[in-house]
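prediction below, plus the sequence it came from.
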Amino acid sequence: MPALKLLSRLRLSRVVIFCSIVFPQELRPHARMTDQKAGPNRLGYLFERFPSFTQTFCAREIAELYRQGVTPPVFSIRHPKDDPPQGIPLDRIPVFYVPNTNSLEFKLKTKLISSRLTKLWSGSGDLRDKGRFREAVYLGPKLRKAGVSHLHVHFAGLASRTAWWIKRLFGITYSFTGHANDIFCPKPDQRTTLRDLVEAASFVVTVSDYSARMLRHDFPNAKIFRVYNGLDLLLFRRATPTAEPLKLISVGRFIEKKGFPFLIEACAQLRAQEIPFTCEIVGDGPDREQLAQQIRSLNLEPRVHLLGPKAQPEIIQLLARSSLFVFPAIRDRSGDSDNLPTVLIEAMASGLPIIATNIAGIPEIVRHGENGLLVAEKDSNQLAASIQRLQANAVLLRRYSEKSLSLAKEHFVLSKTVRQLKDVFETELM
């Protein structure tokens, strides 16, 4: 018997050694996670990818929550592809990354599971959402170990579908913030639909009154809260708009819904009227070559420049030296559009007058005749006429500049908007 017991112990030690190699994070928790206190009703955040260069508002939100004493651990399904956003204190925020789905750890953790869990996914015969199901299977025990009882997610997309499965499998509730195309143009081929996500969520946050009204209309039984995205206004430098020459600026991805071809057409009209101006467009995307070709064909190279993508500090400098922010967004062929673009809030924080199209939540930022002018979408003539109007009226340019900064201070200060979100969490989760 002693020999058998010794053999048994040796086998057990091999298992422990094997597990410590295959599951190192299970036996040796992430160093930054050990400082976190687990407790009832603990909030966590789940992202598809964190941090993300194109979603700096998410990083700002997390950092400000921590500054205000709310310290949710962050779980990210994928690793970041870019450098972290500059100027946002993320160093002390715990982030747990799901391992590569082809890794041995992930495969063992998600395949060696009870038949009860498997049947919840495959029992209906619908085998879609396999990836989201496996991510949920992997994350569920991690969330329980961290004491997380509620997840908040940004976008009604991949991470929200994973959160939907986490709730179904492990009973951990979730909420999400809906932004633009994720709620305006939900993909029809998803197993877990927008209706599924909204109806299973404890509540939904969205970033404009426009989208809140839309969601309340489509889902009358859901709890919908509007919380604007905010900025640290102290990071921005005050612009001094001048009309001679007029320095136009716009920022956004080079995709259809940004409407940049209409801005370029308007610039051609300004040049034909011999109006002194320059136009800088910051960004990148699949339509870059098409926009560059349009600029060349209209002989606008001396006046209109595609600057490529820029980091936040560079954008702040560019805004500060500009006269007027122009945002020609449209509804694209799929029905997608911007909702409440953060770049417009950045322009206001810089004290810039704004000309923008009258779609979605934009009129909540651009008050026609107060801090700028609203124009119809896809109308380069009206866009050019509005630019010309402000170029010819320096008094109006300065008045709109003052009002932009005033509205930014009133509605879009980061500490205020995150406090509003914090109030929602406390009301709904406590």
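That came through fine. It should be emphasised that the depicted structure is a prediction, and the values quoted were computed from it without experimental measurement. Residues are numbered from 1 along each chain as shown.

how is this protein carved up into domains?
When the chain is parsed with automatic domain parsing, its domains come out as 31-230+417-429, 233-411.

format those as a markdown table; extra columns: mean pLDDT.
Listed next are the domains of the chain as a markdown table, based on pLDDT from 0 to 100:
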| stretch | mean pLDDT |
| --- | --- |
| domain 31-230+417-429 | 90 |
| domain 233-411 | 97 |
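
just to check, residue 235 is in contact with residue 85?
No: using Cβ atoms under 8 Å, residue 235 is not in contact with residue 85; the gap is 11.5 Å. (Glycine included, C-beta is placed from N, CA and C.)

looking at those two, which has the bigger crowd around it?
Residue environment comparison for residue 235 versus residue 85 gives the larger neighbour count to residue 85, 21 against 14, counting by other Cβ atoms under 10 Å.

where's the more buried one, which helix or strand?
Applying DSSP states H and E as the criterion places residue 85 outside every helix and strand.

so how far is residue 347 from it?
For residue 85, the distance to residue 347 under the criterion Cβ to Cβ, to the nearest Å works out to 18 Å.

which residues are common contacts for residue 235 and residue 85?
Between them, residue 235 and residue 85 share these contacting residues under Cβ atoms under 8 Å, 6 or more residues apart in numbering: residue 312.

was I right about residue 172 contacting residue 149?
Yes: judged on Cβ under 8 Å, residue 172 makes contact with residue 149 at a distance of 6.1 Å.

not counting sequence-adjacent ones, nearest residue to the most centrally placed residue in the chain?
In the chain, the residue lying closest to the centroid (Cα atoms, centre = their mean) is residue 55, at 4.1 Å. Distance criterion Cβ to Cβ, 6 or more residues apart in numbering; nearest residue to residue 55, sequence neighbours excluded, is residue 154 at 7.1 Å.

next one: residue 363
residue 374 (6.2 Å).

that neighbour: what secondary structure?
Classification of residue 374 using DSSP: H, G, I helix; E, B strand; the rest coil returns strand.

which residues touch the spatially closest residue to residue 70 that is not a sequence neighbour?
Excluding its sequence neighbours, the residue lying closest to residue 70 (Cβ to Cβ, 6+ apart) is residue 422, at 5.8 Å. Residues in contact with residue 422, defined by Cβ under 8 Å, 6+ apart, are 65, 68, 70.

my read: the last one touches residue 42, true?
Yep, that's residue 70 we're talking about. No: proximity of residue 70 to residue 42 does not meet the contact threshold set by Cβ under 8 Å, at 10.4 Å.

so between these two, which is more surrounded?
When residue 70 and residue 42 are compared on other Cβ under 10 Å, the one with more neighbours turns out to be residue 42, at 18 against 15.

just list whatever residues bridge to the more buried one.
Following DSSP bridges, residue 42 is listed with bridge partners residue 148.

my read is that it contacts residue 152, right?
No: contact criterion Cβ under 8 Å: residue 42 and residue 152 do not qualify, at 11.6 Å.

shared neighbours, the two?
residue 72.

and the strands in this structure?
Assigned by DSSP state E, the strands in the chain fall at 42-49, 74-78, 95-97, 148-154, 173-178, 204-206, 224-226, 246-251, 277-282, 304-308, 324-327, 354-357, 372-375.

and the longest one, how far from the chain's centre?
Averaging C-alpha coordinates over strand 42-49 and over its chain gives two centres that are 13 Å apart (Cα atoms, centre = their mean, to the nearest Å).

can you list contacts of that strand?
Defining contact as Cβ under 8 Å, 6+ apart, one finds that strand 42-49 is touched by 58, 62, 70, 72-81, 139, 143, 146-155, 157-159, 162-163, 174, 425, 429.

and with 6 Å instead?
Contact partners of strand 42-49, identified using Cβ atoms under 6 Å, 6 or more residues apart in numbering, comprise 72-78, 80, 147-153, 158-159, 163.

might you report the residue contacts of residue 276?
Residues touching residue 276, when contacts are defined by Cβ under 6 Å, 6+ apart, comprise residue 245.

now it. Its backbone dihedrals?
Dihedral pair for residue 276: phi -70, psi 120, per degrees, to the nearest 10.

and it, how far from residue 247?
Spatial separation of residue 276 from residue 247 under the definition Cβ to Cβ is 10 Å.

and if you look at residue 258?
Taken as Cβ to Cβ, the span from residue 258 to residue 247 is 19 Å.

more crowded one of the two?
When residue 258 is set against residue 247 and neighbours are counted by other Cβ under 10 Å, the residue ahead is residue 258, at 27 against 19.
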